[in-house]
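Asks: A structural model of the following input is requested.
(one chain, ligands or ions: 1)
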Amino acid sequence: MTTRIELAGIEMKNPMLLASGILDETPATLKRMARNEVGAVVTKSIGPVPRDGNVSPVLLEVPSGLLNSMGLPNPGIDDFVEEFPGQQEIGVPVVLSIFAGTAKEFASIAKETTKVDISAIELNLSCPNATGLGQEIGQDPERITDITKQVKAESNVPVFVKLTPNITDIRPLAMAAQDGGADAIVAINTLKGMAIDARARMPILGNKFGGLSGPAIKPVALRMVYEICSQEGFDTPVIGCGGASTAVDIIEFILAGATAVEVGTAVYDRGVEVFKKLQFELDTFLEEEGIEDINTLRGQALGGGN
Ligand code: RRO
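Replies: Purely as a prediction, here's the structure:
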């Protein structure tokens, strides 16, 4: 019985990645996740220069999820390159998430990333919390293709493209990333939302709006992965992301066509040992169902339905 997978040439002991933005800011926290049986880790998004992020409060628990308006706080690519010890030291493959405002800036960060030992780059074209960045770029298919192409030309590792759900139809975005040469698509980032304090009569988050993650968004993420994987002519690996917190959730994403699944908010909900728990649950599921290889489940729900 095996949960091993291969994602864009990266060998992983299971199909689970730590999603960007949760316990991934320092080598120490990344190592801690690696010790807990995660297949690979994605770093917090790194930009061209240091950035403080948005005004507090920036995080709020809501029913079945979290609302965040962090605003891309990060030390900048130069600091990252100087301080990152390399993925050997972390213990599992490391995916470096990057963001920028233009294709040229993306390409120049990508060039810097060739100085560090990582397994892939994830392009954040989907953060809902900053002007001129993230989803404001990633809602335009032409810009997705252009940025992906320019990053591919400068980098020496596979390039993943993380898409926004805050759009009518995600399929053209996935196709645009494929056209640019993406090695994998990540679907999805957070859904833009807000919370209001009824007694104070004002928005709760300092930035008013935030990104919703957690179990509340899993049906949306699953639907989008399914739609992307059902597209005629689409054959790029997909990484599901959005609300997975049990092994059954992970299996559902794989049945919808995903090769791997990123897990974020469940770390907050189930603790740092969540990947150890999920590995046990995955093994149990495969055993109970008599499945030898998790890869055989990929896409089995595509086309089905009553
Ligand atoms: O930092 C953030 O505000 C943030 C990012 Br980079 C992202 O990609 N998604 C999100 O919900 N928040």
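
Asks: contacts for the top helix by length along the chain?
Replies: Using DSSP state H, we find that the single longest helix of the chain is helix 274-289. Residues outside helix 274-289 that contact it (CB atoms under 8 Å, 6 or more residues apart in numbering) are 1, 3, 14, 16, 18, 33, 36-38, 245-248, 250-251, 263, 266-267, 270, 291-292, 294. Placement of C-beta: from N, CA and C, glycine included.

Asks: ok, of those, which come out buried?
Replies: The neighbour-count criterion (16 or more other CB atoms under 10 Å) marks 3, 14, 16, 18, 33, 36-38, 245-247, 250-251, 263, 266-267, 291, 294 among the contacts of helix 274-289 as buried.

Asks: ok so, going back, kindly export the longest helix of the chain (C-alpha atoms) in PDB.
Replies: C-alpha atoms of helix 274-289 as PDB (Å, rounded to 0.1, in the frame of the first residue of the first chain):
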ATOM      1  CA  VAL A 274      -2.100  17.300  11.700                       C
ATOM      2  CA  PHE A 275       0.000  15.700   8.900                       C
ATOM      3  CA  LYS A 276       0.900  12.800  11.100                       C
ATOM      4  CA  LYS A 277      -2.800  12.300  11.800                       C
ATOM      5  CA  LEU A 278      -3.700  12.700   8.100                       C
ATOM      6  CA  GLN A 279      -1.100  10.100   7.000                       C
ATOM      7  CA  PHE A 280      -2.600   7.600   9.500                       C
ATOM      8  CA  GLU A 281      -6.100   8.400   8.300                       C
ATOM      9  CA  LEU A 282      -5.000   8.100   4.600                       C
ATOM     10  CA  ASP A 283      -3.400   4.700   5.300                       C
ATOM     11  CA  THR A 284      -6.500   3.600   7.100                       C
ATOM     12  CA  PHE A 285      -8.800   4.700   4.200                       C
ATOM     13  CA  LEU A 286      -6.700   2.900   1.600                       C
ATOM     14  CA  GLU A 287      -6.600  -0.300   3.700                       C
ATOM     15  CA  GLU A 288     -10.300  -0.300   4.400                       C
ATOM     16  CA  GLU A 289     -11.000   0.300   0.700                       C
END
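
Asks: Name the residues of that helix that are buried.
Replies: 274, 275, 277, 278, 279, 281, 282, 283, 285, 286.

Asks: Mind putting those into CSV with pLDDT and distance to the ligand?
Replies: CSV is the format used below for those (pLDDT from 0 to 100; distance: CB to the nearest ligand atom, whole Å):
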residue, pLDDT, distance to the ligand
274, 96, 19
275, 96, 20
277, 97, 24
278, 98, 22
279, 97, 26
281, 98, 26
282, 98, 26
283, 98, 31
285, 98, 29
286, 98, 31
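
Asks: Identify the residue spatially nearest to residue 178, adjacent ones excluded.
Replies: residue 236 (4.6 Å; CB to CB, 6 or more residues apart in numbering).

Asks: Surely the one you found touches residue 180?
Replies: No - look at residue 236 against residue 180 with CB atoms under 8 Å: they stay out of range, at 10.3 Å.

Asks: can you pull out the strands in the stretch 51-200 of the chain?
Replies: 59-62, 65-68, 94-98, 120-124, 159-163, 184-187, 191-194, 196-197 (DSSP state E, counting those that start in this stretch).

Asks: Kindly reformat those strands as CSV containing mean pLDDT, mean neighbour count and distance to residue 104.
Replies: Listed next are the strands of the stretch 51-200 of the chain as CSV, based on pLDDT from 0 to 100; neighbours: other CB atoms under 10 Å; distance: least, CB to CB, whole Å:
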stretch, mean pLDDT, mean neighbour count, distance to residue 104
strand 59-62, 97, 15, 32
strand 65-68, 97, 23, 28
strand 94-98, 97, 27, 13
strand 120-124, 98, 27, 14
strand 159-163, 98, 28, 16
strand 184-187, 98, 30, 23
strand 191-194, 98, 18, 27
strand 196-197, 98, 10, 39
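
Asks: Good, we can wrap up now.
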